[in-house]
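J.: what follows is a predicted structure for the sequence shown.
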2 protein chains.
Amino acid sequence: MRKVAIAAGLMGAACMALPSLANDSVMQITKDPKQWGIQTGDYANHRYSKLDEINKDNVKKLQVAWTFSTGVLRGHEGSPIVIGNMMYLHTPFPNNVFALNLDEGGKIVWKYEPKQDPNVIPVMCCDTVNRGLAYADGIIFLHQADTTVVALDAKTGQKKWSVVNGDPKKGETNTATVLPVKDKVIVGISGAEFGVRSHVTAYNIADGKMVWRGYSTGPDDEMLIDPEKTTEHGKPVGKDSSLKTWQGDQWKIGGGSTWGWYSYDPKTNLMFYGTGNPSTWNPKQRPGDNKWSMTIFARDVDTGKAKWVYQMTPHDEWDFDGINEMILTEQKIDGKERNLLTHFDRNGFGYTLDRDTGELLVAEKYDPVVNWATKVDMDKSSKTYGRPLVVSKYSTEQNGEDVNSQGICPAALGTKDQQPAAYSPETELFYVPTNHVCMDYEPFRVSYTAGQPYVGATLSMFPAPNSHGGMGNFIAWDGKKGKIVWSNKEQFSVWSGALATSGGIVFYGTLEGYLKAVDAKTGKELYKFKTPSGIIGNVMTYEHKGKQYVAVLSGVGGWAGIGLAAGLTNATDGLGAVGGYAALSQYTALGGQLTVFTLPTN
Amino acid sequence: MRKVAIAAGLMGAACMALPSLANDSVMQITKDPKQWGIQTGDYANHRYSKLDEINKDNVKKLQVAWTFSTGVLRGHEGSPIVIGNMMYLHTPFPNNVFALNLDEGGKIVWKYEPKQDPNVIPVMCCDTVNRGLAYADGIIFLHQADTTVVALDAKTGQKKWSVVNGDPKKGETNTATVLPVKDKVIVGISGAEFGVRSHVTAYNIADGKMVWRGYSTGPDDEMLIDPEKTTEHGKPVGKDSSLKTWQGDQWKIGGGSTWGWYSYDPKTNLMFYGTGNPSTWNPKQRPGDNKWSMTIFARDVDTGKAKWVYQMTPHDEWDFDGINEMILTEQKIDGKERNLLTHFDRNGFGYTLDRDTGELLVAEKYDPVVNWATKVDMDKSSKTYGRPLVVSKYSTEQNGEDVNSQGICPAALGTKDQQPAAYSPETELFYVPTNHVCMDYEPFRVSYTAGQPYVGATLSMFPAPNSHGGMGNFIAWDGKKGKIVWSNKEQFSVWSGALATSGGIVFYGTLEGYLKAVDAKTGKELYKFKTPSGIIGNVMTYEHKGKQYVAVLSGVGGWAGIGLAAGLTNATDGLGAVGGYAALSQYTALGGQLTVFTLPTN
Ligand SMILES: O=C(O)c1cc(C(=O)O)c2c(n1)C(=O)C(=O)c1cc(C(=O)O)[nH]c1-2
Ligand SMILES: O=C(O)c1cc(C(=O)O)c2c(n1)C(=O)C(=O)c1cc(C(=O)O)[nH]c1-2
């Protein structure tokens, strides 16, 4: 079994009769719980592993097997990937890549150290993070901060090709991982705090040639939207669906960034992802629904054509980017087995849709403190069907420019941000790392200059008032009912991605630096360990020489940790996060380390 | 017991009737194996602990208890100190200090973050290291890179006083820890690669006022040498003992730096330390013995007066700084209990002296490959008594300027460098981390400019030829006989300090990043663990809530790791170390982490 894996891992597409498509390679690795080939664990974004050597009875005995410093500080998002006997690890800017041989105690087989212009750093909105590598067909894919997409030979680290996806001088950067699928690698772009007109782009795995690009805003053909065939709530979106929702040319600097996690359904050939906030953060400056910002997109991966869309937060007034991951499950709803998509949006609603049609099935608050909207209108006959019903008091649009709208929950970084949830098909529950943070938000007028911040709001953040005092919860969620099953309070937002395993446990990391394991059924804490620095990476697992390992990157940062990461101390700096998370400096300092856990042998 | 310790730790001199002198405080803590109050473990520099919960039978079960990232990269030398329930931790430049509460999972109680001019970095010869804090009488002492000596209130981190000991513009910097003794804190200085005329200085603990300063070179009164009373080999050194051994004013830029570890004997009130190389590295440019560079000094701590001196390497031709630690023991030699001083010099000889008189008892090679001298002349009647007998072939003086003297063993970084040895009174053995490295050395003419490198030699380094291929050994040494008892080969120099414990084990770290525990009697490896980065810190131990912990800093760097630390790749850069240690980049990357180990509870 392992031999097969190594062959797939190290020989590359050229030498192999099969698999010939990234799909096959990714799915083959996905099926083998010993490996972890893409950041999300599988195409469905489950972050679930069948490995069960470490389980709820013995996890308390977990210990550190080995550690590795990346040599870089600031926020470490993502996780290593493991192919056969090799581990591949990335760092934040400057996005170094290490290939470590697990058979030789993690010896460094090769290193890739891109030389990137440090001027990219100031145009990254929320720390110099990178959400990691992907593997397919003998290639390691890296999407650098400066938007260079690089294909590296997994065996040698040699560059096969690279292609430039954007222009940092205009504020276009990258923090996301990539999606290798079929003969393509599909990538996004960041920059909605800089007025970047964003897009998703597919490149040929073989040579890096661009195959298609679908914008988030603009003319139909550039968005790869078919006015007749692309639907929202089952109805065609019609001609100029985006253009009509912007004033004049504003869609050209309209944001709708695409920096989240992508998922893919081989059955329908559709990929799913969400778009980010419309630019600027000052809603008064951009009348209209600002389509298709804040939207779930279902696109055909061969053509990029949009099958359906759903805009969750029309005309955003709070920076509730819709980019959080779409988790694909098959569950019974009302007695009927359905192909579902579950999404925990920044706006505080947990959505469940039929992913084949885009039909909205469930939309419920996954933190009871969410107050900016009373609910999502579920009445199909209503004119506002599918739209959130906004509470005037918390409408920064209605309150207007230079007015401080206070006590809005959640804060701009949402009830959940990039930190990905996990899903266990065994419990049929989602495990969601959340923020329990509210804000004051004061929009102001800005003018656009290419490459300059185009934000237009001053924010303060604070723990949800009249609650447990902490800034986060780690919850289990029933996506069919839209109900919290259990909730563990945390002092800080849980900015780390979760991992569910067949051992009946769920792992996540905390901003203070603890790796925690909890009982998947009850949430009971079974194990915790203080890693060197705050955790904003995602927990992953693999098997090597018959033993299960759990690995996580430490390295505080990201938006929540930007105060520490960038050395900021003014409360409203870091778009309001500095003040909110100031207490973090009592618990941890910058770092950049991998900690690998296992059970003792003796 | 612990309560007493906490009181001593946190209340400070002012509030306490007793102890009133640093001595008392240091010795009280030294006697309590639960604490670790100064870098060297005790005044005798034993780096030995009576703790024995972790022992040779159970050390294989050791596991990581918790970890802490310092937020700084590059070489992490020294170790944390532990006073009561508090741990104090320093970093390399910029020399941040953390006070961690062990009762609260290492919560950061205070931080001290000095703002130092980054122009100090380029005048630090061998990485931005710092060898750590010292504690006495409620004060944490830090000696910053820029030579500012700081006294911090242990409870609050507030600065009580600070004093500037040197001028980085002239190349004067600091990397060493300090010696708190009686009512003084005694400090050294670095800069022999910049022609710094070096000294040892005592400041008042109460207010930071200078009490005395003893130079390494120059007029007798400035060296605090009494021509009649200060002896070498039992004889007065006579008038102008230094001045006579330099050409003209060269002693003013003569080096003799004092960046090593200091020891102190309360019985005789003497402190012991060694001086570094004479400047420049080109011996042709500085005729004479260049006294008192490369010298062991015994000074009275109250007055600074030198009781005795011993110049180990007169007229250095290889950069064999004499700064390595002096370990004070009481052992029987020839049936007679004596007060000994044992010193493993860079030059490859292990010296044992009578520390009361300075009488030379033993001088033997502690690595058989040492070839630059045949032996140290032990014939008391000889004119060259106490001097090394230099092999012409390896004399860079005799071979002359612009001639590459090849195959000299050891290399400039010596058979041992700053990495301190440990001594166990139980086995009466010294545990010595060593280098097994040789060099080519080509001196060339340089002229002196204040603040500019004043080196004058090009070096290459390589593993000792015709040996085991590695660049280091970890050895046990009998200081009475001058014999290696056992020797473990290592792939790289062992740049970490050792710890011996009453558990019958010895700990040390490797440049690849392993913490190792070996049997004190046999050297058998009992445990190893891969920490995040290469280890050049020193292993320490403490007890907290009834459990023994072992702690070590990772963070590759120092002279051996300068290639990684400073991002250098030319083989002769870093004074020759870059080429020698190039392979290190296959094993580790930069870091800065504390790893704390303990036995499992269940
Ligand atoms: O609109 C954008 O282009 C954009 C980019 C990013 C990013 O690339 O990290 C973040 C955000 N927005 C954002 O709104 C946000 O909350 C956020 C958090 C983080 C993070 O990594 O912690 N990145 C980003
Ligand atoms: O002569 C000096 O002033 C001086 C200073 C230092 C230092 O301060 O670290 C080192 C040396 N020399 C030196 O010769 C040497 O081998 C060395 C190694 C190291 C280290 O920390 O790894 N420092 C120094």
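T.: Perfect, thanks for sending it. Quick caveat, the model's predicted, so the values are computed rather than measured. Ligands and ions are numbered 1, 2, ... in the order given.
J.: nearest to chain B: which residue in the stretch 351-500 of chain A?
T.: In the stretch 351-500 of chain A, the residue that lies nearest chain B is A:Gln491 (11.3 Å; Cβ to the nearest Cβ). C-beta here means a position set from N, CA and C on the backbone, and glycine is covered the same way.
J.: near chain B, which residues of chain A show up?
T.: Selection of chain A residues close to chain B by Cβ under 8 Å from any Cβ of the partner chain yields A:60-61, A:63-64, A:66-71, A:73, A:98, A:105-108, A:111, A:513, A:529-533, A:554-555, A:585-595, A:600, A:602.
J.: buried ones among these?
T.: Using 16 or more other Cβ atoms under 10 Å in any protein chain shown as the burial test, the residues of chain A next to chain B include A:63-64, A:66-71, A:73, A:98, A:106, A:108, A:111, A:513, A:529-533, A:554-555, A:585, A:587-595 as buried.
J.: out of these, which sit inside strands?
T.: A:63-64, A:66-69, A:98, A:108, A:111, A:529-530, A:554, A:593-595 (DSSP state E).
J.: who touches the one residue in the stretch 151-300 of chain A that gets nearest to chain B in this structure?
T.: Nearest residue of the stretch 151-300 of chain A to chain B (Cβ to the nearest Cβ) works out as A:Gly157 at 12.7 Å. Applying Cβ atoms under 8 Å, 6 or more residues apart in numbering or on different chains to A:Gly157 gives the contacts A:Val97, A:Ala99, A:Val109, A:Trp110, A:Lys111, A:Tyr112, A:Ile140.
J.: among these, who's most crowded?
T.: Greatest neighbour count in these, by other Cβ atoms under 10 Å in any protein chain shown, goes to A:Ile140: 25 neighbours.
J.: next up, phi/psi of it, please.
T.: A:Ile140 adopts backbone torsions of phi -100, psi 120, taken as degrees, to the nearest 10.
J.: wait, it sits on A:His90?
T.: No - assessed by Cβ atoms under 8 Å, A:Ile140 is found out of contact with A:His90, at 9.1 Å.
J.: isn't A:Gln331 up against A:Phe430?
T.: No - counting by Cβ under 8 Å, no contact exists between A:Gln331 and A:Phe430, whose distance comes to 10.6 Å.
J.: more crowded one of the two?
T.: A:Phe430 (25 against 17).
J.: list the residues that contact that one.
T.: A:Ile327, A:Thr342, A:Phe344, A:Gly350, A:Ala421, A:Ala422, A:Tyr423, A:Ala476, A:Trp477, A:Asp478, A:Gly479.
J.: ok, now how distant is the first one from A:Pro425?
T.: It refers to A:Ile327. 11 Å (Cβ to Cβ, to the nearest Å).
J.: re the thing from before, the residue of the stretch 151-300 of chain A closest to chain B - nearest residue in space that isn't next to it in sequence?
T.: A:Trp110 (3.3 Å; Cβ to Cβ, 6 or more residues apart in numbering or on different chains).
J.: now the helices for chain A?
T.: Here chain A has its helices, by DSSP state H, at A:2-11, A:22-31, A:220-223, A:396-399, A:562-566, A:577-580.
J.: now these as CSV including mean neighbour count and distance to B:Leu413?
T.: Formatted as CSV, the helices of chain A follow (neighbours: other Cβ atoms under 10 Å in any protein chain shown; distance: least, Cβ to Cβ, whole Å):
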stretch, mean neighbour count, distance to B:Leu413
helix A:2-11, 16, 39
helix A:22-31, 20, 46
helix A:220-223, 18, 62
helix A:396-399, 20, 63
helix A:562-566, 25, 36
helix A:577-580, 24, 44
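J.: could you dump those into JSON lines and include mean pLDDT?
T.: Output for the helices of chain A, formatted as JSON lines (pLDDT from 0 to 100):
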{"stretch": "helix A:2-11", "mean pLDDT": "37"}
{"stretch": "helix A:22-31", "mean pLDDT": "88"}
{"stretch": "helix A:220-223", "mean pLDDT": "98"}
{"stretch": "helix A:396-399", "mean pLDDT": "98"}
{"stretch": "helix A:562-566", "mean pLDDT": "95"}
{"stretch": "helix A:577-580", "mean pLDDT": "93"}
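J.: does A:Ala577 really touch A:Leu413, like I thought?
T.: Yes - applying Cβ under 8 Å, one finds A:Ala577 in contact with A:Leu413, separated by 6.8 Å.
J.: and for these two, which residues touch both?
T.: A:Met461, A:Trp559, A:Ala560.
J.: residue numbers of the stretch 151-300 of chain A in contact with ligand 1?
T.: A:Thr175, A:Ser190, A:Gly191, A:Ala192, A:Glu193, A:Ser257, A:Trp259, A:Gly276, A:Asn277 (Cβ under 6 Å from any ligand atom).
J.: who's the one residue in the stretch 101-250 of chain A that gets nearest to chain B bridged to?
T.: At 5.0 Å from chain B, A:Ile108 is the closest residue in the stretch 101-250 of chain A, using Cβ to the nearest Cβ. Counting by DSSP bridges, A:Ile108 is bridged to A:Leu100.
J.: same check on A:Ala306?
T.: Beta-bridge partners, per DSSP bridges, of A:Ala306: A:Arg299.
J.: spatially nearest residue to the residue of the stretch 351-500 of chain A closest to chain B, not counting backbone neighbours?
T.: Per Cβ to Cβ, 6+ apart, closest to A:Gln491 is A:Gly470, 4.6 Å.
J.: so for the one you found, what's the pLDDT?
T.: Predicted confidence (pLDDT) for A:Gly470: 97.
J.: ok, the nearest residue to A:Val432 once chain neighbours are set aside - how many residues close by?
T.: Of all residues not flanking A:Val432 in the chain, A:Ala421 sits nearest, at 4.2 Å (Cβ to Cβ, 6+ apart). Using other Cβ under 10 Å, A:Ala421 has 33 other residues around it.
J.: the one 3 residues further on now?
T.: By the other Cβ under 10 Å criterion, the neighbourhood of A:Ser424 contains 25 residues.
J.: that one against A:Val506, yeah?
T.: Yes - contact criterion Cβ under 8 Å: A:Ser424 and A:Val506 qualify, at 7.5 Å.
J.: name the residues contacting each of these two.
T.: A:Tyr431, A:Ala500, A:Ala520.
J.: who's in contact with the second one?
T.: It stands for A:Ala500. Contacts of A:Ala500 (Cβ under 8 Å, 6+ apart): A:His46, A:Arg47, A:Tyr48, A:Ser49, A:Ala422, A:Tyr423, A:Ser424, A:Thr427, A:Tyr431, A:Val506, A:Ala520.
J.: which strand residues bridge it?
T.: A:Tyr48, A:Val506.
J.: returning to what we had before: could you measure from the residue of the stretch 351-500 of chain A closest to chain B over to A:Val518?
T.: Taken as Cβ to Cβ, the span from A:Gln491 to A:Val518 is 16 Å.
J.: any idea which of the shared contacts of A:Ala577 and A:Leu413 has the most stuff around it?
T.: A:Ala560 leads the shared contacts of A:Ala577 and A:Leu413 on contacts (other Cβ under 10 Å) with 33 neighbours.
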